[in-house]
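In: just coords:
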């Protein structure tokens, strides 16, 4: 049992080394210019060992993005299911923190859009790894419906899905453009919030 636990720790450590090395090189040199050999060298492992963990560069960029989304970036972005105001604003996550985190890692996120289907809203979108956030948002939506703050005739899951599609489209446009202004992103998000609010408010 201890031997197995030790092996798992070493494998996790090696995987961490690979992810850090790949992320650093992708940002520094660009995805196309970064070779698997360079990643192995930077991670301090052999090429053979690298391919034991990941079979291709496209798979590795997806792995890097998923890791980056699931831990360093999203630690301050975790959502909970509780209502803070009991008003419709509770439907939306803390976008001030979300947008700041997006801006801080824009280069890597841009690579994610180009090479890893990030914010594509399809089944291969790495952002799907943020399932706990979706679950929390659905729970908050149902709470708002139960107290009559938003329409209850639309399934909470559908409301959340519609919001995510609109949000992802804005994120992709911003990341693919040459405009890195967070103010532009904030204005676009405000428009989405207005669209969603008008669609779900109780009349």
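Out: That came through fine. Quantities reported herein were computed from a predicted structural model and do not represent experimental measurements.
In: C-terminal to the longest helix anywhere in the chain, what's the next element?
Out: As assigned by DSSP state H, the longest helix anywhere in the chain is helix 2-29. Next helix or strand after helix 2-29 toward the C-terminus (DSSP states H and E): helix 36-43.
In: what residue ranges in this structure score low on pLDDT?
Out: 1-4, 69-79, 126-132 (pLDDT under 70).
In: would you map out the domains in it?
Out: Structural domains assigned to the chain are 2-55, 77-200, following automatic domain parsing.
In: now render those as a markdown table, adding mean neighbour count and distance to residue 67.
Out: (Each C-beta comes from the backbone N, C-alpha and C, glycine too.) Shown next, in a markdown table, are these (neighbours: other Cβ atoms under 10 Å; distance: least, Cβ to Cβ, whole Å):
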| stretch | mean neighbour count | distance to residue 67 |
| --- | --- | --- |
| domain 2-55 | 15 | 5 |
| domain 77-200 | 16 | 9 |
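In: helices of this structure, start to end?
Out: Assigned by DSSP H, the helices in the chain fall at 2-29, 36-43, 47-53, 57-70, 95-104, 106-115, 131-146, 156-176, 182-200.
In: may I see the buried residues of the fourth one?
Out: Meaning helix 57-70. The neighbour-count check on helix 57-70 (16 or more other Cβ atoms under 10 Å) flags 57, 60-70 as buried.
In: show me how far stretch 137-144 is from its chain's centre.
Out: Centroid separation for stretch 137-144 versus its chain: 20 Å, with Cα atoms, centre = their mean, to the nearest Å.
In: run through who's touching that stretch.
Out: Residues from elsewhere that reach stretch 137-144 (Cβ atoms under 8 Å, 6 or more residues apart in numbering): 79, 81-83, 88, 90-91, 93, 150, 156-157, 159-160, 163.
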